[in-house]
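[1] could you look at this predicted model? Sequence included:
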Amino acid sequence: SYDVRYFRYGAYSGGVDIKEELRNYGECSISFNCKPYRYSFEGQTAVEIPSGGATLENAEMLAAKPYIKIYGSGNISLHINSDTFTFENVSDYIEINRAKVVYVMIPILYDKSEENFTRNGIGFLTDVISCEVTEERNGSYELSISYPITGNIYAYINEGNIIKCKANDTSDPQLFRIYSCSKPLNGIVSIKAEHISYDLNGIPIAELKLKSATAQMAITKAISDGAFESKFKALSDIATLNTIDLSEPCSIRAALGGQQGSVLDIWGGEYEFDNYVIKLHSHRGSDTGVTIEYGKNLTDIKQDKNITATYTHIMPYATYTEQKDDGNGKTTSEDKFVYLKDKVLPINEAAELGHKKAYIINLSDQFSAGDEITPATLRTKAETYLKAHTSLGVPSVSITASFVSLWQTEEYKNIAPLEKVKLCDTVTVKFAKLGVSAKAKVIKTVYDVLAEKYKSIELGDAKSNFAQTVLDQNKAIAGITTLVK
């Protein structure tokens with residue numbers, strides 16, 4: 001291994017006589033065929049477990065598939081995350097090789113009218129070729145499947161039917177309703193399904209008006225006021241009291257975040273759709289502490305950097321109205337503008353753009369009634385503003401990391417920690433050449449259902465596209481154009 005902390009199992013099958021090469025030339029180059037897993041030298045050390053039991057934790061950021069050998073006698077219970085293994089009448093030792101333990105949550109097909117999803121429905125899609133779930137922050141949430149026409153339940157794959165499968169590493173299996181099934185191509189059909197929460201696109205409400213309400217109250221009222229009864233429920237940790245005033249008919253999903261004045265527009269937050277439970281989190285993810293370096297050894301990763309909204313300086317100003325007596329008993333008003341002596345203030349954390357670029361900002365609203373507005377007080381307000389808006393000097397970032405194409409390469413070690421992050425988590429991206437760093441959200445994930453791991457994730461600026469999701473589906477269904485923010 002290129003990392004001295006790990007080793008791999010490999011085999012040499014070449015035709016070169018190594019001893020002869022060394023004898024003749026003093027050196028020899030050979031290539032090994034290696035197994036895909038790395039093994040930690042630290043993990044080769046035996047650990048003594050007391051009779052009361054003990055907990056061993058994975059010291060790595062990566063998911064492990066360890067080889068475990070337990071010496072002992074009698075009955076032994078082994079718990080690995082959510083899996084429990086019970087061994088009876090052990091006389092010497094037991095061996096568990098997690099690299100050979102395969103468990104896959106096979107997608108299950110249900111009839112469109114099914115109500116009980118604890119049963120096996122129509123049946124398991126055992127012949128599925130590929131199965132991926134794509135989810136975007138406050139955006140689309142869809143399932144894509146490739147399935148052979150020779151599959152055991154191909155005849156039952158119809159629009160409107162429901163598929164249950166894993167959608168990520170942490171949530172319970174999710175429900176997706178089929179909306180498209182392609183014509184066979186080389187004996188394979190492509191199935192498209194959208195998360196069950198998209199059913200809310202078909203439930204209209206006449207209006208949604210509430211005063212001094214929480215986000216959960218607003219979502220609950222939208223559901224209860226729907227023209228059709230549904231199983232959906234609402235949860236939110238956002239306690240802010242706001243007023244919502246949607247006076248025109250719209251779908252429940254549009255009221256959640258598909259138009260100006262929607263729940264998402266007023267309360268903000270990040271949605272998590274957990275089957276029939278709509279969760280609006282103030283922050284769905286967390287700051288993981290994961291740091292990656294932009295541009296370093298990430299040659300196979302799509303990287304986009306944008307400096308259109310990056311600045312090296314700000315030009316603050318403030319205005320006030322001066323009242324004057326014109327000498328004839330009348331009062332006149334005159335707007336006064338106050339600037340810094342040097343006009344601009346540098347952003348200390350700003351990236352080196354190659355040119356100077358100033359952000360013009362009116363700070364009048366930072367002054368209270370009666371405050372004196374002078375160049376000195378304006379500078380104080382501007383410095384406070386910069387401390388709260390450090391992102392002005394940092395480029396926006398978009399990085400798409402594909403694990404499938406990189407897992408066998410040396411570059412993989414640089415993005416391996418990303419496999420542990422979830423949608424809406426925050427990571428730090430360093431711009432070494434610019435001398436700055438930026439926080440980036442996980443805004444999109446593609447999950448391989450069969451392999452039970454992320455195929456790729458996308459980091460970028462946290463911009464809501466929930467409204468566009470609703471708009472796109474409305475156009476596809478009814479050709480209706482809706483004005484969205």
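    That came through, no problem.
[2] quick check: bridge partners of residue 71?
    With DSSP bridges applied, residue 71 shows beta-bridge pairing to residue 93.
[3] please report the distance of it from residue 58.
    Here residue 71 is placed at a distance of 21 Å from residue 58 (CB to CB, to the nearest Å). C-betas here are computed from N, CA, C, even on glycine.
[4] so where is the stretch 251-400 of the chain shaky, pLDDT-wise?
    For the stretch 251-400 of the chain, residues meeting the criterion pLDDT under 70 lie at 292-309, 349-355, 390-391, 394-400.
[5] all helices for it, in order.
    Secondary structure of the stretch 251-400 of the chain (DSSP state H, counting those that start in this stretch): helices at 252-257, 263-267, 375-388.
[6] just put the ones you listed in JSON lines and tack on mean neighbour count.
    Formatted as JSON lines, the entries for these read as follows, by neighbours: other CB atoms under 10 Å:
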{"stretch": "helix 252-257", "mean neighbour count": "27"}
{"stretch": "helix 263-267", "mean neighbour count": "22"}
{"stretch": "helix 375-388", "mean neighbour count": "15"}
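[7] in TSV: the ones you listed, plus distance to residue 245.
    Written out in TSV, the entries for the helices of the stretch 251-400 of the chain read as follows (distance: least, CB to CB, whole Å):
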stretch	distance to residue 245
helix 252-257	11
helix 263-267	9
helix 375-388	30
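[8] so which of these gets nearest residue 428?
    Residue 428 sits nearest to helix 375-388 of all the helices of the stretch 251-400 of the chain, at 18.7 Å, using CB to CB.
[9] picking that back up, which among the helices of the stretch 251-400 of the chain is found nearest to residue 23?
    Nearest of the helices of the stretch 251-400 of the chain to residue 23, taken as CB to CB: helix 375-388 at 69.2 Å.
[10] any idea of the mean pLDDT in stretch 122-137?
    Along stretch 122-137, the predicted confidence averages to a pLDDT of 93.
[11] export it as CSV, just CAs?
    Listed in CSV are the C-alpha atoms of stretch 122-137, where the atom choice follows Å, rounded to 0.1, in the frame of the first residue of the first chain:
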residue,chain,number,x,y,z
ILE,A,122,-46.4,-8.1,-5.1
GLY,A,123,-42.9,-9.4,-4.6
PHE,A,124,-39.1,-8.7,-4.6
LEU,A,125,-37.4,-7.2,-7.6
THR,A,126,-34.7,-9.9,-7.4
ASP,A,127,-33.7,-9.5,-11.1
VAL,A,128,-33.0,-5.8,-10.8
ILE,A,129,-29.9,-4.8,-12.7
SER,A,130,-29.3,-1.4,-11.2
CYS,A,131,-31.1,0.8,-8.6
GLU,A,132,-30.1,4.3,-7.7
VAL,A,133,-31.7,7.0,-5.6
THR,A,134,-30.9,10.7,-6.3
GLU,A,135,-31.8,13.3,-3.6
GLU,A,136,-31.1,17.0,-3.7
ARG,A,137,-31.3,19.4,-0.8
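[12] as a quick check, tell me the outermost residue of the chain.
    Checked against the mean C-alpha position of the chain, the extreme residue using CA atoms, centre = their mean is residue 328, at a distance of 67.2 Å.
[13] any idea how far that one is from residue 232?
    As it turns out, when the distance is counted by CB to CB, residue 328 lies 69 Å from residue 232.
[14] can you check residue 135 too?
    18 Å.
[15] and residue 210, by the same measure?
    Counting by CB to CB - residue 210 and residue 232 are separated by 18 Å.
[16] who has more neighbours out of the two?
    Set side by side, residue 210 and residue 232 show more neighbours around residue 232, with 22 against 18, by other CB atoms under 10 Å.
[17] quick one: residue 9 from residue 69, how far?
    Using CB to CB, one obtains 16 Å as the distance from residue 9 to residue 69.
[18] likewise for residue 139?
    Counting by CB to CB, the separation of residue 139 from residue 69 is 46 Å.
[19] surely residue 202 touches residue 251?
    Yes. Taking contacts as CB atoms under 8 Å, residue 202 lies within contact range of residue 251: 6.9 Å.
[20] any idea of the pLDDT on residue 57?
    Confidence at residue 57, expressed as pLDDT, is 76.
[21] now do residue 82
    In this prediction, residue 82 has a pLDDT value of 60.
[22] repeat for the one 3 residues further on
    The confidence metric pLDDT takes the value 70 at residue 85.
[23] from residue 76, how far off is it?
    Counting by CB to CB, the gap from residue 85 to residue 76 is 8 Å.
[24] find the centremost residue of the protein, please.
    Against the mean C-alpha coordinate of the chain, by CA atoms, centre = their mean, the closest residue is residue 423 at 2.0 Å.
[25] now do the SS call for that residue.
    Reducing the assignment to helix, strand or coil with DSSP: H, G, I helix; E, B strand; the rest coil, the entry for residue 423 is coil.
[26] mind listing what it touches?
    By CB atoms under 8 Å, 6 or more residues apart in numbering, residue 423 lies in contact with 135, 137, 168, 284, 285, 442, 443, 444, 445.
[27] compare neighbour counts for residue 139 and residue 69 and give me the winner.
    Of the pair residue 139 and residue 69, residue 139 is the one with more neighbours under other CB under 10 Å, namely 21 against 11.
[28] what helix or strand is the more buried one on?
    Taking DSSP states H and E as the criterion, no element holds residue 139; it sits outside all helices and strands.
[29] how near is it to residue 195?
    According to CB to CB, residue 139 stands 11 Å off from residue 195.
[30] residue 393 too?
    With the distance defined as CB to CB, residue 393 ends up 38 Å from residue 195.
[31] out of the two, which sits in the busier spot?
    The residue with more neighbours, out of residue 393 and residue 195, is residue 393; 24 against 20, by other CB under 10 Å.
[32] wait, the more buried one touches residue 314, no?
    No. Taking contact to mean CB under 8 Å, the distance of 9.5 Å between residue 393 and residue 314 leaves them out of contact.
[33] what is in contact with these two at once?
    Contact criterion CB under 8 Å, 6+ apart; residues shared by residue 393 and residue 314: residue 347.
[34] excluding chain neighbours, what is closest to residue 211?
    If you skip the residues right next to it in sequence, residue 211 has residue 243 as its closest partner in space, 4.8 Å away by CB to CB, 6 or more residues apart in numbering.
[35] mind listing what's buried along the strand or helix carrying the one you found?
    Taking DSSP H and E as the criterion, residue 243 maps to strand 242-246. For strand 242-246, the buried set under the neighbour-count rule, 16 or more other CB atoms under 10 Å, comprises 242, 244, 246.
[36] same question for that strand, mean pLDDT?
    94.
[37] so what does it touch, helix or strand wise?
    For strand 242-246, the contact count by 3 or more CB pairs under 8 Å, 6 or more residues apart in numbering; DSSP states H and E identifies strand 208-213, helix 215-224, helix 263-267 as packing neighbours.
[38] same list (those) but as JSON lines, adding distance to residue 276.
    Conversion of the helices and strands packed on strand 242-246 to JSON lines gives the following (distance: least, CB to CB, whole Å):
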{"stretch": "strand 208-213", "distance to residue 276": "20"}
{"stretch": "helix 215-224", "distance to residue 276": "10"}
{"stretch": "helix 263-267", "distance to residue 276": "17"}
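[39] strands along the stretch 301-450 of the chain, start to end?
    Counting by DSSP state E, counting those that start in this stretch, the stretch 301-450 of the chain has these strands, from start to end: 302-306, 313-325, 331-339, 345-346, 358-362, 396-402, 426-431, 436-448.
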